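> Below: sequence and its predicted model.
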Amino acid sequence: MTRSVADDRAARPLRRALFVDRDGTVNVDLHYLKDAERLEVLRGVGNGIRLAHDHGYLIVCVTNQSGIERGFYTAEDVGRIHVRLNERLAEERAHIDAFYYCPHAPEAGCECRKPKTRLFEDARRDWNLDFATSAIVGDRAIDIEAGRRLGLLTALVPPRHPDGPVADEVAAGGIVPDLRALSFESAVLRILARG
């Protein structure tokens, strides 16, 4: 009797994930970041990721990177940024397990750009994830909307940019997150408190 890939996947235990946005959530949003050396991880992110790992969550980053299609940077630049992000997180004994990104501009109408859910579905397939026990932390309405579509616990942190916090766009979009927190770390703590 032969086993299919689907059989192997079904035999694996379901895992839970903490999905995270990138720019403005785990690192400072420098607007079309190209140079990995300019990457700056937000305070408390390493500790929050480490806590989530300690509680059995895989950390999966899902990010829109339209700068690739717009010609501002390349897929290789994005790859270098993700390597650098994990190097910085390693200084705090933390890491992101997987990165998924959409390279398309909004007008491309692709299925992978948040708030659409293809990248999340890809991660579910690749890692055998259970959305019902998973969560997302993001700083934008699109993160919360994607989480809602998938049945994730949603947590909003205020967008942060080099000049400081900016206005909360979620209220204007009528999308209400399950949790609001002032920082990534406090969002993780609130998710963990939910069990």
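Yes, it's here. Numbers count the residues shown, from 1 in each chain.
> I'd say Leu189 and Asn47 touch.
No: at 9.6 Å, Leu189 does not count as touching Asn47 under the criterion of C-beta atoms under 8 Å. To be clear about C-beta, it is placed using only N, CA and C from the backbone, and glycine gets the same treatment.
> got the buried residues for the lengthiest helix in the chain?
Counting residues, the longest helix found in the chain (DSSP state H) is helix 75-90. Neighbour-count burial for helix 75-90, counted by 16 or more other C-beta atoms under 10 Å, picks out Asp77, Val78, Arg80, Ile81, His82, Arg84, Leu85, Arg88, Leu89.
> CA atoms of that helix as CSV?
The C-alpha coordinates for helix 75-90 follow below in CSV (Å, rounded to 0.1, in the frame of the first residue of the first chain):
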residue,chain,number,x,y,z
ALA,A,75,13.0,39.4,-4.3
GLU,A,76,16.6,38.9,-3.3
ASP,A,77,16.5,42.1,-1.3
VAL,A,78,13.4,40.8,0.5
GLY,A,79,15.2,37.5,1.2
ARG,A,80,18.2,39.4,2.7
ILE,A,81,15.9,41.5,4.9
HIS,A,82,14.3,38.3,6.2
VAL,A,83,17.7,36.8,7.0
ARG,A,84,18.8,40.0,8.7
LEU,A,85,15.5,40.0,10.7
ASN,A,86,16.2,36.6,12.0
GLU,A,87,19.8,37.5,12.8
ARG,A,88,18.6,40.4,14.9
LEU,A,89,15.9,38.3,16.6
ALA,A,90,18.6,35.6,17.4
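> got a list of contacts for that helix?
22, 26-27, 33-37, 39, 41, 45-46, 49, 61, 65, 68, 95-96, 99, 101, 103 (C-beta atoms under 8 Å, 6 or more residues apart in numbering).
> 7 Å instead?
For helix 75-90, contacts defined as C-beta atoms under 7 Å, 6 or more residues apart in numbering pick out 27, 33-34, 36, 39, 41, 46, 49, 65, 68, 95-96, 99, 101, 103.
> Output the buried residues of helix 75-90 in a markdown table; the columns should cover pLDDT and distance to Ala132.
Converted to a markdown table, the buried residues of helix 75-90 look like this (pLDDT from 0 to 100; distance: C-beta to C-beta, whole Å):
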| residue | pLDDT | distance to Ala132 |
| --- | --- | --- |
| Asp77 | 97 | 35 |
| Val78 | 97 | 30 |
| Arg80 | 98 | 35 |
| Ile81 | 98 | 31 |
| His82 | 98 | 28 |
| Arg84 | 98 | 33 |
| Leu85 | 98 | 28 |
| Arg88 | 98 | 32 |
| Leu89 | 98 | 27 |
